[in-house]
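K.L.:
Provided below are the primary sequence and the corresponding predicted coordinates.
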Amino acid sequence: MGKPSRVIKLGGSVITCKSVPYCLDVQVIRQCIGELSSFAEGLVLVHGGGSFGHYEASRSNNVRITLTAASMQELNAYILREMALKGIKAFPLPGRFYSKETIETILDYGHVPVLYGDIKQNGEIVSGDDLTVLVAKEYSLTALFATDVDGVLLGNRVVNEISSPIKLDTLASKSLDITGGMQRKIEKIFQHKVDAVIFNGKKKGNVYNALHGERIGTFIKVRK
Ligand SMILES: Nc1ncnc2c1ncn2[C@@H]1O[C@H](COP(=O)(O)OP(=O)(O)OP(=O)(O)O)[C@@H](O)[C@H]1O
Ligand SMILES: C=C(C)CCOP(=O)(O)O
């Protein structure tokens, strides 16, 4: 069975303009997909919700669940098409259908599984952060998180390495986020005991460098 060799999440803050509803950062999406194309073999790609899923999930109306699911499907379809344009065989796996077996089957057929943050019928949100740490844990991989900041910031400076849970001074957010942002991401990484890298995915070369195993951004060292 195909086993993943790398897992990376392109955060919603990277692939969308997170403060503007339904706004894709097309140039950055193309740049990221171009950079990850050299690592397609064994790759698991996850993406977040940004101003698609977070926008719809934070509105209150009686079709919130429908629109949240639809917005994420729409964002995912865009990512899949851009991957296809680069010749990458990619196949969607909505977060609500996550299973290790499905990932391995998609890999067996020679596709890159593209998982994404999602909503279930009962309204429960499945965060792309959870999916990323689950895959990293299952296959003992380092979870790579591309965001729109250079790493974890403490007093305006990027922390190079974190080896115990920290409480962040949360930066004032200009955008909607219903899954807990950077603080929850770090908590989930420690809860699931996976190593992780948090870096700026908007900057050219960073997705390539992270997948290549270079030290960029913040390294979260959890495993002994
Ligand atoms: N101390 C901090 N260090 C770094 N980022 C922080 C901090 N406090 C808040 N943030 C915010 O965290 C954001 C990144 O986390 P967020 O979960 O929003 O990203 P994402 O995973 O790309 O988004 P999505 O959930 O849409 O996929 C940054 O945009 C930044 O403003
Ligand atoms: C808001 C929705 C539907 C997805 C959340 O996924 P995330 O952006 O990875 O936290």
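P.N.:
Cool, got the structure. Ligands and ions are numbered 1, 2, ... in the order given.
K.L.:
Next, please give the residue ranges for the strands of the chain.
P.N.:
In the chain, strands defined by DSSP state E lie at 6-10, 43-47, 90-94, 112-116, 118-119, 125-126, 143-147, 153-154, 157-158, 161-162, 196-200, 218-220, listed in chain order.
K.L.:
Let me have those strands in JSON lines, extended by mean pLDDT.
P.N.:
Compiled in JSON lines, the strands of the chain are given as follows (pLDDT from 0 to 100):
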{"stretch": "strand 6-10", "mean pLDDT": "98"}
{"stretch": "strand 43-47", "mean pLDDT": "98"}
{"stretch": "strand 90-94", "mean pLDDT": "98"}
{"stretch": "strand 112-116", "mean pLDDT": "98"}
{"stretch": "strand 118-119", "mean pLDDT": "98"}
{"stretch": "strand 125-126", "mean pLDDT": "98"}
{"stretch": "strand 143-147", "mean pLDDT": "98"}
{"stretch": "strand 153-154", "mean pLDDT": "92"}
{"stretch": "strand 157-158", "mean pLDDT": "95"}
{"stretch": "strand 161-162", "mean pLDDT": "96"}
{"stretch": "strand 196-200", "mean pLDDT": "98"}
{"stretch": "strand 218-220", "mean pLDDT": "98"}
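K.L.:
got JSON lines for those, with mean neighbour count and distance to residue 28 too?
P.N.:
From N, CA and C alone the C-beta is placed, and that goes for glycine too. Shown next, in JSON lines, are the strands of the chain (neighbours: other C-beta atoms under 10 Å; distance: least, C-beta to C-beta, whole Å):
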{"stretch": "strand 6-10", "mean neighbour count": "27", "distance to residue 28": "9"}
{"stretch": "strand 43-47", "mean neighbour count": "27", "distance to residue 28": "12"}
{"stretch": "strand 90-94", "mean neighbour count": "19", "distance to residue 28": "18"}
{"stretch": "strand 112-116", "mean neighbour count": "25", "distance to residue 28": "17"}
{"stretch": "strand 118-119", "mean neighbour count": "24", "distance to residue 28": "22"}
{"stretch": "strand 125-126", "mean neighbour count": "20", "distance to residue 28": "24"}
{"stretch": "strand 143-147", "mean neighbour count": "28", "distance to residue 28": "9"}
{"stretch": "strand 153-154", "mean neighbour count": "16", "distance to residue 28": "20"}
{"stretch": "strand 157-158", "mean neighbour count": "13", "distance to residue 28": "20"}
{"stretch": "strand 161-162", "mean neighbour count": "16", "distance to residue 28": "26"}
{"stretch": "strand 196-200", "mean neighbour count": "25", "distance to residue 28": "10"}
{"stretch": "strand 218-220", "mean neighbour count": "23", "distance to residue 28": "20"}
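K.L.:
Which residue ranges of this structure form helices?
P.N.:
12-15, 26-36, 50-57, 64-85, 100-108, 128-138, 181-191, 206-211 (DSSP state H).
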